[in-house]
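A.B. asks: next come a sequence and a model predicted from it.
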Amino acid sequence: MRRVRGGGAAAAARPEHLAAHARLVKSACPDAFLAATAMRGYLRACLPLQALLLLRSLLPRAPCLLGNSFSLSLALQASSAALSDSAPAVLGLGLRAASLHARALKSGFAAADLFVRTALVEAYAKAGRADLARAAFDEAPRRDVFLCNVMLAAYVARGEVAEARKVFDGMRERDLVSWNTMIHGYAVSGDVDMAREIFDGMEDRDAFSWSSMMSAYAKGRRSKDALRLWREMRAACATPDCITMVSVLSACGDMGALAVGTEVHQFVESSKVAVDVRLGTALIDMYAKCGDIENSLIVFHSMPSKDVLTWNSMIIGLANHGLGHDALSLFSRMVSEGLRPNEVTFVGVLTACTHLGLVSDGKKYFSSMGAVHGIAPKVEHFGCMVDLLGRSGHIEEARHLIRDMPFEPDAVIWRTLLGSCRIYKNVEVAEEAMAKLRVLDPHADGHYVLLSNIYAQANSWEGVAEMRKTLRREGIQRIPGRSSIEWQSATHEFVSGDRSHPRSKEIYEMLEEVMDRLRQAGYRPMTELVLQDIDEQSKERALAEHSEKLAVAFGLLTTPARSTLRITKNLRACEDCHSAIKLISLVYNRKLIIRDRNRFHHFSEGQCSCNDYWTDQKLPDEEQKSQERERMKTQLAHPIIGGWRTSHLYKSGEGVLSTWWLPDLVQVPRQGPGQDESVAIGVA
DNA sequence: GTAGGGTTAG
């Protein structure tokens, strides 16, 4: 059965179908046509059990209904649709696929009917009986493209794309659905290139074809290819629909491609495609992941209906931008509006606490998961807690949590603890974590670099040399850092020391100028972070040519004065780059928004919104915090975003105030859909 | 009677 789009829960049955139902119930002699009409009405309204109940009530007076191919195929559809949510009721009615199959066989006519056959194969497949589905398919006296397509989809749903391919290759006739199902089949089995081969072999394509290919790239995290496909699609004048756009947006978020994402949003608004919950959520997620939390909030507040994924995306987006208090207040609003949070919600809530250093709040949320919300914490929640405890200096408590948790700790957990040891220069626990990591994830380069940095900070130069040797001895490949920046709707990507860009010469000239001005402003390169065994000057050079600095230099070169630079990085921000970029924001009077592997850094006026939470700077003391609060009061006349007050942000009792840049939200220069002028969003 | 979509610890 095709689900009613956008309805989600059961939409109302259409009046004419309800009237048909009423007439049937009253009539002495139920007729098959009316019964089919009423059943179809219930199916369309996602009320399959009602369809079955109707049929059941009619059967004593009209047993012929089960020998009738119309009502029989509808009964099969209803039965498989109802099985997932009302299994006991369906079983009690005796109208499962097997009994309906038996009824069909009693009247040879119905068993030979292609509609009945198709519904039968689908019903068996949906009940998880691939063997019976295949048998029903093989027993079909003849086959058409619909029947084969259902068999294809059944194999694809089980992840058996090779079997699907055999059916596909054996088909005399194929339609768009057959081809599209194969694209999807290869996509879910992870074979994106085969999906593309199928896609390329098609004579005609429809929105399903493009969407399936797009989501194949998006799921395989081949976002560059997804964006290329989007351009191809636009060039081919094919019409994207809501679902296509969800997939493109997911690729934009992955790449940090704000310009393309904004273009897609504009397209959504101009094409009058209805923005359903999923598309809205995809937009929220895209804007947040591209560093544009303002537009993310605008979309969130504009959505008339939201589900748990919508709230999660917004909560996680805010948390990753260091707006933890907003994330937490959104969480309580979500709960007070009666939505049930899920596991992912708590990942966002705990991340918010970590980025703010709210240890006791984090513990409360963590224990409320089971106690209040009935959600068992999973390994990622323990991971969040290890991060929260470790990062705030409670390394022993983090160790105990790892020891006592009901899971075998994975590499991520130990790596998190290692990160905390780096902040607090705890060599002993770092070595313990490293010992575990050498077993659990021996080939990842990041651990060795982290431990080396810990040794360097503890002035243990033998330790640094040892790490260098280990890396070489075990042939561990360093993952190159990559930073990208969008310019003129294209993504420009840099690796360390990159000279491949067409404007490389200018970029290096700009870089030189930048480094000169930074040195004058007091910048000192952190050469102790460089792992290669090279002289001091080469180390300085290596640091200066880090991918983030190249991307910044390119940005300074190509964008107008005072505009914001947005950069996306594949690894954690390098500490030297972090301090250099803070100074750049001051010296060049620029805002820079940098997305690293797991959060955002908003640089402005020599500071970063992360408050250096990942470096060895401790949380600010009370005096600093109260000064900060005083400073904020003078800046706060206003903030209401979509009717939602954010002034509570500055009432923080604990942890880091990382939201000093927030008053910008009041006056958002909106480059987004539809308009270029500044849009005041101060008043709801 | 058949096919495609959104959130997740470091």
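C.D. replies: Perfect, thanks for sending it.

A.B. asks: dump the residue contacts of A:L283.
C.D. replies: With contacts defined as Cβ atoms under 8 Å, 6 or more residues apart in numbering, the neighbours of A:L283 are A:249, A:265, A:268, A:275, A:296, A:299. Heads up, the C-betas are built off the backbone N, CA and C, glycines and all.

A.B. asks: neighbours of the residue lying closest to the fourth one once chain neighbours are set aside, how many?
C.D. replies: When you say that, I think you mean A:V275. Nearest residue to A:V275, sequence neighbours excluded (Cβ to Cβ, 6 or more residues apart in numbering): A:V268, at 6.4 Å. When counting by other Cβ atoms under 10 Å, one arrives at 21 neighbours for A:V268.

A.B. asks: I'd guessed A:V268 sits against A:I243; true?
C.D. replies: No: the pair A:V268 / A:I243 is not scored as a contact, 11.9 Å apart, by Cβ atoms under 8 Å.

A.B. asks: ok, which stretches of the stretch 201-350 of chain A are strands?
C.D. replies: For the stretch 201-350 of chain A, no strands turn up when DSSP state E, counting those that start in this stretch is the criterion.

A.B. asks: which residue does chain A have closest to DNA strand B?
C.D. replies: Nearest to DNA strand B, among the residues of chain A, is A:G383, at 1.7 Å (Cβ to the nearest atom of the strand).

A.B. asks: buried set for the helix or strand containing that residue?
C.D. replies: Taking DSSP states H and E as the definition, one finds A:G383 inside helix A:379-391. Within helix A:379-391, the residues scored as buried using 16 or more other Cβ atoms under 10 Å are A:380-391.

A.B. asks: list the helices and strands the helix or strand that that helix is followed by packs on?
C.D. replies: Scanning the chain past helix A:379-391 towards its C-terminal end, the next helix or strand to appear is helix A:395-404 (assignment: DSSP H and E). Helices and strands touching helix A:395-404, by 3 or more Cβ pairs under 8 Å, 6 or more residues apart in numbering; DSSP states H and E, are helix A:379-391, helix A:411-424.

A.B. asks: can these go into CSV with extra columns for mean pLDDT?
C.D. replies: As requested, the helices and strands packed on helix A:395-404 are exported to CSV (pLDDT from 0 to 100):
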stretch, mean pLDDT
helix A:379-391, 97
helix A:411-424, 95
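
A.B. asks: nearest to A:F137, of those?
C.D. replies: helix A:379-391 (41.3 Å; Cβ to Cβ).

A.B. asks: for that closest one, the distance to its chain's centre please.
C.D. replies: In terms of Cα atoms, centre = their mean, to the nearest Å, the centre of helix A:379-391 is found 20 Å from the chain centre.

A.B. asks: what sits up against that helix?
C.D. replies: In this structure, residues lying in contact with helix A:379-391 by Cβ under 8 Å, 6+ apart are A:343, A:346-347, A:350-351, A:353-354, A:357-359, A:362-363, A:366, A:369, A:395, A:397-398, A:401-402, A:405, A:407, A:410, A:412-413, A:416-417, A:419-421, A:423, A:613-614.

A.B. asks: could you list the contact residues of the stretch 351-500 of chain A toward DNA strand B?
C.D. replies: Within the stretch 351-500 of chain A, the positions lying close to DNA strand B (Cβ under 7 Å from any atom of the strand) are A:351, A:354, A:379-380, A:382-384, A:387, A:410-413, A:415-416, A:419.

A.B. asks: of those residues, closest to A:F33?
C.D. replies: Relative to A:F33, the closest of those is A:E380; by Cβ to Cβ it sits at 54.7 Å.

A.B. asks: distance of A:L55 relative to A:H21?
C.D. replies: Separation of A:L55 from A:H21 (Cβ to Cβ, to the nearest Å): 11 Å.

A.B. asks: so those two - more neighbours on which side?
C.D. replies: Neighbour comparison, A:L55 and A:H21: the larger count goes to A:L55, with 26 against 22 (by other Cβ under 10 Å).

A.B. asks: the closest residue to the more buried one other than its chain neighbours: neighbour count?
C.D. replies: Excluding its sequence neighbours, the residue lying closest to A:L55 (Cβ to Cβ, 6+ apart) is A:A75, at 5.6 Å. A:A75 has 32 neighbouring residues, counting by other Cβ under 10 Å.
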